[in-house]
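Trainee: Okay, structure incoming, though there's no sequence with it:
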């Protein structure tokens, strides 16, 4: 069984501003962008947004998984 992360975030610089993307591994070869936002002035702002959104996304996924049980 693989031990990789299914959900993660990626930060990139685009024309002097920062872009944050929440990514999801759809398969071994395919990565899908679940949510993205751009226009951050600093990398720290982008990381903060990505971490808070990732926590909210994971909480939502866990709640849906518990509801299926």
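Mentor: Yep, it's here. Note that the coordinates shown come from a computational prediction; the quantities given were computed from them, not determined experimentally.
Trainee: in the protein, which segments are predicted with low confidence?
Mentor: 1-4 (pLDDT under 70).
Trainee: And the helices in it?
Mentor: 43-68 (DSSP state H).
Trainee: residue closest to the middle of this structure?
Mentor: Nearest to the mean C-alpha position of the chain, counting by C-alpha atoms, centre = their mean, stands residue 22 at 2.0 Å.
Trainee: wait, that one sits on residue 9?
Mentor: Yes. Contact status for residue 22 versus residue 9: in contact at 5.3 Å, counting by C-beta atoms under 8 Å. (Each C-beta comes from the backbone N, C-alpha and C, glycine too.)
Trainee: Name the residues contacting each of these two.
Mentor: When contacts are counted by C-beta atoms under 8 Å, 6 or more residues apart in numbering, residue 22 and residue 9 are jointly contacted by 50, 53-54.
Trainee: Tell me the buried residues within those.
Mentor: Buried members of these, counted by 16 or more other C-beta atoms under 10 Å: 50, 53-54.
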